[in-house]
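Q: When you get a sec, could you give me coordinates for this:
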Amino acid sequence: MYCAIAGGVGAARMLSALASVVDPSSITAIVNTGDDMTLHGLAISPDLDTVTYTLAGAISRDRGWGLEGETWHAMAALERYGGQTWFGLGDKDLATHLYRTQRLAEGATLTEVTAEIARAWGVGVRLLPMSDDPVRTIVDVQGEGEISFQEYFVGRRHDVPVAAVRFAGAGEARPGPAVLDAIRSAERIVVCPSNPIVSIGPVLAVPGLREAIESRRSDVVAVSPIIAGAALKGPADRMLTELGHEASVVGVARLYASLAATLVIDEADAELAPAVEAEGMRAIVAPTIMSDVERSAALAKVVLSA
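A: Sure thing, here's the model as predicted:
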């Protein structure tokens with residue numbers, strides 16, 4: 001059995017790669033819910049949906065989020081009324097949020113609803129929200145103050161400098177059912193190539209999760225989301241720098257040294273392998289850009305055999 005700590009597009013691709021080389025039912029993904037929000041009265045879970053749609057082969061290949069072949073009639077109609085359209089919800093995607101909202105209102109937990117949605121899409125990987133309790137990532141924008149993560153990431157196109165990040169509700173949250181058991185029983189734990197601050201950070205902020213992963217450190221392999229000093233997608237590199245970290249595989253190693261014994265880094269950073277190891281992690285150099293099915297599968301094999 002394998003366990004992955006996941007959030008966002010990089011994690012979705014890593015999970016898809018893992019599922020291509022081992023039985024998907026042997027994989028449990030603990031997914032970030034700090035990005036979740038309520039909009040138009042709907043419960044929206046962006047990372048859970050991105051992972052679900054990707055594993056189902058239904059993700060939009062052009063956007064990297066939402067559904068392929070999406071239409072936008074509801075958003076166009078809402079714009080006519082002057083409603084909030086800064087966070088685009090496609091017509092087919094709306095059905096997911098309508099269903100989630102309905103089931104939560106009926107008393108189902110987020111874990112239960114996530115399993116129902118994954119099953120409807122034929123997803124074999126077990127998807128577990130990090131918590132059924134609300135945790136929300138809050139971004140402190142320099143000179144402006146705090147805004148929600150989605151306002152920062154989508155509304156501002158993550159193009160404003162960050163002064164701090166906090167996870168509202170994390171201190172009171174409990175790990176989701178089966179989350180701790182998945183960590184404790186896994187043969188290998190993979191920290192996916194996600195933003196360390198706002199994708200992996202919220203998971204680690206839930207009481208008990210960091211400690212559980214650290215207790216398995218020798219069996220934990222992290223994949224660096226930073227390649228040659230930059231993120232392939234999203235603001236991870238800029239956010240690391242703005243918050244006082246080094247935007248490099250060495251900076252990633254400093255953040256993950258207590259969690260994982262091994263860090264997989266790209267060939268472009270091969271010369272930094274000794275510096276990674278100086279931070280207390282074993283460095284494995286391999287191609288980490290999942291640009292096609294073959295390369296993705298090759299990376300998954302490296303990670304699982306590390």
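
Q: Buried residues, stretch 185-194. List them.
A: When burial is assessed from 16 or more other C-beta atoms under 10 Å, stretch 185-194 yields the following buried residues: 186, 188-194. Placement of C-beta: from N, CA and C, glycine included.

Q: how about the nearest residue to residue 256, chain neighbours excluded?
A: residue 222 (4.8 Å; C-beta to C-beta, 6 or more residues apart in numbering).

Q: Let me know the helix or strand that that neighbour is in.
A: Using DSSP states H and E, residue 222 sits in strand 220-223.

Q: For that strand, C-alpha coordinates in PDB please.
A: Provided in PDB are the C-alpha atoms of strand 220-223 (Å, rounded to 0.1, in the frame of the first residue of the first chain):
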ATOM      1  CA  VAL A 220       9.000   9.000   2.900                       C
ATOM      2  CA  VAL A 221      10.100  10.300  -0.500                       C
ATOM      3  CA  ALA A 222       9.500  13.900  -1.600                       C
ATOM      4  CA  VAL A 223       9.600  15.100  -5.200                       C
END
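
Q: The buried residues of stretch 185-194 in helices, which ones?
A: Assigned to helices by DSSP state H, none of these qualify.

Q: show me what contacts residue 97?
A: By C-beta atoms under 8 Å, 6 or more residues apart in numbering, the contact list for residue 97 reads 42-44, 89.

Q: do you know how far it is from residue 288?
A: 32 Å (C-beta to C-beta, to the nearest Å).

Q: how about the strands in this structure?
A: Counting by DSSP state E, the chain has strands at residues 2-6, 27-31, 37-39, 42-44, 126-129, 136-141, 145-148, 162-168, 188-191, 220-223, 226-227, 230-231, 262-265, 282-285.

Q: Now tabulate those strands in a markdown table and tack on distance to residue 305.
A: Below are these laid out as a markdown table (distance: least, C-beta to C-beta, whole Å):
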| stretch | distance to residue 305 |
| --- | --- |
| strand 2-6 | 12 |
| strand 27-31 | 15 |
| strand 37-39 | 38 |
| strand 42-44 | 37 |
| strand 126-129 | 22 |
| strand 136-141 | 33 |
| strand 145-148 | 40 |
| strand 162-168 | 33 |
| strand 188-191 | 9 |
| strand 220-223 | 9 |
| strand 226-227 | 21 |
| strand 230-231 | 26 |
| strand 262-265 | 11 |
| strand 282-285 | 10 |
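
Q: now those as CSV including distance to residue 120 and mean pLDDT?
A: As requested, those are exported to CSV (distance: least, C-beta to C-beta, whole Å; pLDDT from 0 to 100):
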stretch, distance to residue 120, mean pLDDT
strand 2-6, 20, 98
strand 27-31, 17, 98
strand 37-39, 22, 97
strand 42-44, 16, 98
strand 126-129, 12, 98
strand 136-141, 26, 97
strand 145-148, 28, 95
strand 162-168, 30, 97
strand 188-191, 25, 98
strand 220-223, 29, 98
strand 226-227, 35, 97
strand 230-231, 32, 93
strand 262-265, 33, 98
strand 282-285, 37, 98
